[in-house]
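In: here is my input; please provide its structure:
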Amino acid sequence: MITLYTAGTPNGRKVSILLEELGLPYTVKTIDIGKGDQFTPEYLAINPNNKIPAIVDTDGPGGAPITLFESGAILIYLADKAVSPLLPAEPRARYAALQWLMFQMGGVGPMFGQCHHFRRFAPEQIPYAIERYTTETARLYKVMDGQLADNEFLAGDTYSIADIATFPWVDRHEWQDVDLDTYPNVARWYDALAERPAVARGMAIPRPE
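Out: Model (predicted):
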């Protein structure tokens with residue numbers, strides 16, 4: 001059984017979307033980051049980096065339990081565990097998916113996250129920081145829009161973990177002061193993913209208790 005430790009953030013929702021797409025059985029433990037659950041000794045034993053998400057799979061490689069943190073690593077692990085086309089086995093398609101997954105991990109997530117922080121949560125408005133991260137966010141949307149002009153999905157013609165990783169961040173485009181109509185290819189992609197039942201279910205995790 002897989003236990004997902006998560007919260008209602010884009011990084012957490014990546015994993016719940018993938019679990020729903022794969023149909024793997026899992027249970028959810030909500031980590032209330034507002035109350036500091038991520039700093040408890042019990043959680044730090046699972047994720048020493050005190051972030052979400054993390055998973056514990058009692059049926060890991062070789063049948064032994066495995067604990068994983070970092071959302072990108074978790075996505076790769078789960079897709080491989082399920083032998084899923086969401087991370088293709090064919091080398092060129094696999095590396096295309098991993099390339100765009102790293103684009104999300106190294107660019108979209110950190111930059112959109114800083115954009116969210118300085119636009120919505122910082123205790124004071126810092127114009128330089130707001131302009132810096134808003135501008136970089138717009139640049140990343142332009143990169144995605146160019147890629148999606150000739151491809152149905154980020155890694156090509158096949159839906160993959162790269163799309164799953166990116167969708168929850170684009171879902172917060174209003175937080176970034178982004179009008180998706182400015183990026184019509186991203187808008188088309190976003191609408192298509194939003195219609196997937198597994199995406200809708202994954203975005204609703206963790207459910208209110």
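In: quick one, longest helix in this protein?
Out: helix 127-149 (DSSP state H).
In: which residues make contact with the next helix or strand after it from outside it?
Out: Sequence-wise, the next helix or strand downstream of helix 127-149 (DSSP states H and E) is helix 161-170. For helix 161-170, contacts defined as C-beta atoms under 8 Å, 6 or more residues apart in numbering pick out 9-11, 13-14, 17-18, 21, 71-72, 75-76, 79, 86-87, 97-101, 103-105, 108-109, 112, 144, 153-155, 180, 186, 189-190, 193-194, 199, 203. Heads up, the C-betas are built off the backbone N, CA and C, glycines and all.
In: next one: phi and psi at the nearest residue to Q38 once chain neighbours are set aside?
Out: Nearest non-adjacent residue to Q38, counting by C-beta to C-beta, 6 or more residues apart in numbering: N50, 4.5 Å away. Main-chain dihedrals, N50, degrees, to the nearest 10: phi 50, psi 40.
In: residues in contact with N50?
Out: 38-39, 43-44.
In: now L154: how far from S160?
Out: L154 sits 7 Å away from S160, taking C-beta to C-beta, to the nearest Å as the criterion.
In: any shared contact partners between the two?
Out: Counting by C-beta under 8 Å, 6+ apart, the residues touching both L154 and S160 are W100.
In: no further questions, thank you.
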